[in-house]
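Engineer: A structural model of the following input is requested.
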Amino acid sequence: MKRIESRINTSSSDFRANKENYLKVVEEFRGKQDKARYDRPRRDMERLDKQNKMFVRDRIKQLLDTGTPFLEFSSLAANEAYAGEVPGAGCVTGIGIVAGREVVINAGDASVKGGAWYPLTTKKTVRALDIAIENRLPVVHLCDSAGGFLPLQADLFADKYFSGRIFRNQCLLSEMNAQQVAVVLGHCTAGGAYVPALSDYSVIVRGTGAIFLAGPPLVKAATGEDVTVDELGGCDMHTSVSGTADYPASSEEEAIAMARDIVAQFRRQSKTVIEWQEPEDPYYDATELYGIIPPDIKQQFDMHEVIARIVDASRFHEYQPNYGKTLICGYAHIWGFKVGILANNGVLFDDSSLKGAHFIELCNQNKTPLIFLQNITGFMVGRDYERAGITKDGAKMIMAVACSKVPKFTIMCHGSFGAGNYGMSGRAFDSRLLFSWPHSQISVMGAEQAANTLADVKIRQLARQGKELTNTEIAEIREPVLAEFKRKQSAYWATSEIWDDGILDPVDTRNALGMGLSAALNAPIADLGYGIFRM
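Structural biologist: Numbering: from 1, shown residues only. So this is what the prediction gives:
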């Protein structure tokens, strides 16, 4: 593979201006993330101290192998919801290394509303377990929850992807022999009691850990029975009487040490073999990404420059470089793993759509994971393009993405609009992981197009009634739409709703993809169901 020759002038005024702007973007993102991770009311932290409980992130630090990374999911989940009072959606999830094994970690954050499950808590937890299922990863549950947040029960209990999906996913993990250990550090109440009950192993802390379908107040109300927490579902009862828990622990530190020892007994999964070579750092400095990305979402840039700062040695074998040039396709390595990359250099035309569909087939043929780098306004529209079959050809690319068997990973690098999101493996198309960069935007169309479209529709309606709007009246229709679209197409809104698996600082993209690729190889790659036919 040849090294990409960068055409970026890092001394230019445009580069310096872009970099200065993006450093501010990253500073804002880091500030929001640190606040969500660590900023808690003093009373909540004092409550944990009185209960001899550790903060959730200290628990995770103690669980992980020393010096190993933690790929956190959706650190800013719920940042735009619940008046900002449920940072991280009240739980911490991610992939880490425990006793030398890659595991998914699902940890309740008792510093946030006592660890109560909000609708977005359940969505985040279900997503973490989906990732475990897709990649056949074992799971460590650090349990500490007050149960479902009852005022919002209608949004977290009954439907297919609500809290019941957590337990369904645990059952599927057991079926596929992906082992689970639950560490009961606080209360596991109501449905939450099934998290340890459905795990292969469970450790419970004496004095603070408890498992019951109904706590003492509800038992009293339902049956008239007076019972203490320990009598009802405490450590000694469950480890010596009911057998619901396996191992008693006298402290959180001991419980987490036991969990590490249990994970050390898990068999090591044989990984799927794909082409691999010794990793090499990119030839170009990753921090140069800050100077490449323009502040205007409508402004284009060459995605070759992004690829050059992510892949090993900045080497890239480009497929069909002279055809369908608005979609870059080609092979590279990331942390030694061979990957196929699809990256947008403009709108998707017929030729670029067909090129992408064919390249996806080729990657499936040789079992090469796919990386989608999104900067897409959509498929090309207009009379001539419809006559040429853009809808038909776009559907071929979407079909190729949906039916692909190899692991897919998606990075929303800039814009992600319209059906282009689908063609580039958006959330609906089951990428193993999907991350956003902090300035990226996603919506059915750009804010200005949406505002202009709705204003135009209203103008036409009134014109048919013989009415004509003034410029002021048109602005009154347009501006609220524009403001709402801008708010809800931001990366912060998307990640709050868990439309992605988290926001990444661009310079962290290579490491996140490397961890994701390694984790994905715990699952087998199915054979493509048909031969290759040129699009």
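Engineer: need the contact list for the residue of the chain most remote from its centre.
Structural biologist: No residue in the chain sits farther from the centre than Gly466, which is 50.3 Å out by C-alpha atoms, centre = their mean. Neighbouring residues of Gly466 by C-beta atoms under 8 Å, 6 or more residues apart in numbering: there are none. For glycine as for every other residue, the C-beta is placed from the backbone atoms N, C-alpha and C.
Engineer: Can you name the next helix or strand after the particular helix or strand that has His304 in it?
Structural biologist: In this assignment (DSSP states H and E), His304 forms part of helix 303-308. Downstream of helix 303-308, the next assigned helix or strand under DSSP H and E is strand 315-319.
Engineer: Using PDB, list the CA coordinates for that following strand.
Structural biologist: Taking C-alpha atoms only, strand 315-319 is exported to PDB below (Å, rounded to 0.1, in the frame of the first residue of the first chain):
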ATOM      1  CA  ARG A 315      -0.900   3.800   3.900                       C
ATOM      2  CA  PHE A 316      -4.000   3.300   1.800                       C
ATOM      3  CA  HIS A 317      -4.900   1.100  -1.200                       C
ATOM      4  CA  GLU A 318      -7.600   3.000  -3.000                       C
ATOM      5  CA  TYR A 319     -10.200   1.000  -5.000                       C
END
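Engineer: for that strand, what is the average pLDDT?
Structural biologist: Taken as a whole, strand 315-319 carries a mean pLDDT of 98.
Engineer: which of the residues in that strand are buried?
Structural biologist: Arg315, Phe316, Glu318, Tyr319 (16 or more other C-beta atoms under 10 Å).
Engineer: Over to stretch 470-481?
Structural biologist: For stretch 470-481, by 16+ other C-beta under 10 Å, it's Ile477, Arg478, Val481.
Engineer: Identify all contacting residues around that stretch.
Structural biologist: With contact meaning C-beta under 8 Å, 6+ apart, stretch 470-481 is reached by Ala447, Ala450, Ala451, Asn452, Leu454, Ala455, Lys458, Ile459, Leu469.
Engineer: Just give me the neighbour total for the closest residue to Val273 other than its chain neighbours.
Structural biologist: Once flanking residues are discounted, Val273 sits nearest to Leu521: 8.0 Å by C-beta to C-beta, 6 or more residues apart in numbering. For Leu521, the neighbour count with other C-beta atoms under 10 Å is 22.
Engineer: Look up how far Ala400 lies from Leu521.
Structural biologist: 22 Å (C-beta to C-beta, to the nearest Å).
Engineer: likewise Glu448?
Structural biologist: Glu448 sits 31 Å away from Ala400, taking C-beta to C-beta as the criterion.
Engineer: ok, back up a step: let's see the PyMOL selection covering just the buried ones among the contacts of stretch 470-481.
Structural biologist: Of those, the buried ones can be selected in PyMOL as follows, counting by 16+ other C-beta under 10 Å:
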select buried, resi 447+450+451+452+454+455+459
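Engineer: which two from the contacts of stretch 470-481 end up farthest apart in space?
Structural biologist: By the measure C-beta to C-beta, Ala447 and Leu469 form the most distant pair in the contacts of stretch 470-481, at 20.4 Å.
Engineer: Give the pairing partners of the lengthiest strand in the chain; include direction for each.
Structural biologist: As assigned by DSSP state E, the longest strand anywhere in the chain is strand 408-417. Using DSSP bridges, the strands paired with strand 408-417 are strand 370-376 (parallel), strand 433-436 (parallel), strand 441-443 (parallel).
Engineer: Including mean neighbour count and mean pLDDT, could those strands go into CSV?
Structural biologist: Listed next are the strands paired with strand 408-417 as CSV, based on neighbours: other C-beta atoms under 10 Å; pLDDT from 0 to 100:
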stretch, mean neighbour count, mean pLDDT
strand 370-376, 26, 98
strand 433-436, 25, 98
strand 441-443, 21, 94
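Engineer: Having no further points to raise, I will conclude here.
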